[in-house]
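# Below is the structure, and that's it, no one-letter string:
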């Protein structure tokens, strides 16, 4: 048995959306597994700097920029993210000289054979995300890294990545998402995210905007008296990616104080955009993909796109558990040439849009229906779910070949 085969046999809550499993969930069963993996570490190797990134919006791009910045300063970096666009190997990237790359599948399988295969019963009860996190913990150790960046899943306090016991916690923007698990207010969600703090945490970083608008969450946060809070102020930028880059830059400068000058010299344009974030999939017509999937993120992304495109189509597909009505209300109606609501298998069915938008709205659920969009001239913005990436990318590639 190889790594991917065993991984695909695990329960994948990202696909089933069966969040009921979290009602009585604890990390008690997973903690001994981490301890077992850690006992196999080569104690002669220096411990890497570990950073946990939690939040609702901007986790993926902030994690990407943190990894690239550290690597541009000469550090070997491991980047653990979720979910993936095309392959689960995207979740265990290695970053060298500012360039993320997928791990070699042969190296992945070798790690699986050497450290997991002979004891598979220990891991059979783990979910997809739990096993990936445990595996990444061991795989990164094999790579002798200087820095590890761990993007949390949907939570914090009960997230599997908490067990890496990061040295630094980075909080991104907070929005209302997964409210049935994390809480019905931004304050409750923020506090749940900050629950990732452990006894080994040295510092917490947060946007000034979050600290000012959610003061109670920071006042009652775990380890408040022993873990200092660093409040980062970032000047407003047209691109949310540049905002997150500057946030990451401030954090790296704080952690690597002796390299502050070198950090400040790294321009935004010197680092590639994270894959799948405002990614240009086609230039004729312009097709841009972003995984924004809650009202705050949809509003930020679509209004950012509208600054450069007076009229454009939106392809919007979201999973059933999202705030579908809130997402629709976040779109910039005057700029929409048409709104294509993608309601294919596994996606949610949107409520009726506003009266003004109703005549420009089309519901679609089969791939051929989308093809004409990618043969026209009007720009297309694709939003709402990571799962749309593969669908759209394949359709564009097939359209080009026709």
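Good, I have the coordinates. Bear in mind that the values here come from a model prediction, so they are computed numbers and not experimental data. Residues are numbered from 1 along each chain as shown.
# Report the buried residues of stretch 112-126.
Neighbour-count burial for stretch 112-126 flags 112, 115-116, 123, 126 (criterion: 16 or more other Cβ atoms under 10 Å). Glycine gets a C-beta too; all of them are placed from N, C-alpha and C.
# which residues are in contact with that stretch?
Taking contacts as Cβ atoms under 8 Å, 6 or more residues apart in numbering, the residues outside stretch 112-126 that touch it are 1-3, 6, 10, 29-30, 33, 36-37, 40, 131, 134-135, 138.
# What's the end-to-end length of it?
Its start and end residues considered, stretch 112-126 measures 15 Å (Cα to Cα, to the nearest Å).
# Can you give me the distance of the closest residue to residue 266 other than its chain neighbours to residue 120?
Once its chain neighbours are removed from consideration, residue 266 has its nearest residue in residue 72; the separation is 5.7 Å (Cβ to Cβ, 6 or more residues apart in numbering). Summarising the geometry, the distance separating residue 72 from residue 120, computed by Cβ to Cβ, to the nearest Å, is 39 Å.
# try residue 299
45 Å.
# Tell me who's in contact with residue 324.
Residue 324 makes contact with 318, 348-351 under the criterion Cβ under 8 Å, 6+ apart.
# Tell me the most packed of the residues you listed, by neighbour count.
Neighbours here are counted as other Cβ atoms under 10 Å. On that basis the top member of the contacts of residue 324 is residue 318, with 26 neighbours.
# Chain neighbours aside, what residue packs nearest to that residue?
residue 384 (4.2 Å).
# Tell me the helices and strands packed up against the host helix or strand of residue 35.
If you go by DSSP states H and E, residue 35 is part of helix 31-39. Using 3 or more Cβ pairs under 8 Å, 6 or more residues apart in numbering; DSSP states H and E as the contact criterion, the elements in contact with helix 31-39 are helix 128-142.
# The helix it packs on: how far from the chain's middle?
If you compare the mean C-alpha spot of helix 128-142 with that of the full chain, they lie 17 Å apart, counting by Cα atoms, centre = their mean, to the nearest Å.
# same thing with stretch 162-173?
Using Cα atoms, centre = their mean, we find the averaged C-alpha position of stretch 162-173 to lie 14 Å away from the chain's own average C-alpha position.
# Quote the end-to-end distance of that stretch.
For stretch 162-173, the first-to-last residue distance is 19 Å (Cα to Cα).
# Stretch 8-19 too?
End-to-end distance for stretch 8-19, by Cα to Cα: 19 Å.
# which parts of that stretch are buried?
Within stretch 8-19, the residues that qualify as buried by neighbour count (16+ other Cβ under 10 Å) are 10, 12-14.
# Tell me how many other residues crowd residue 310.
Here the number of neighbours of residue 310 (other Cβ under 10 Å) works out to 10.
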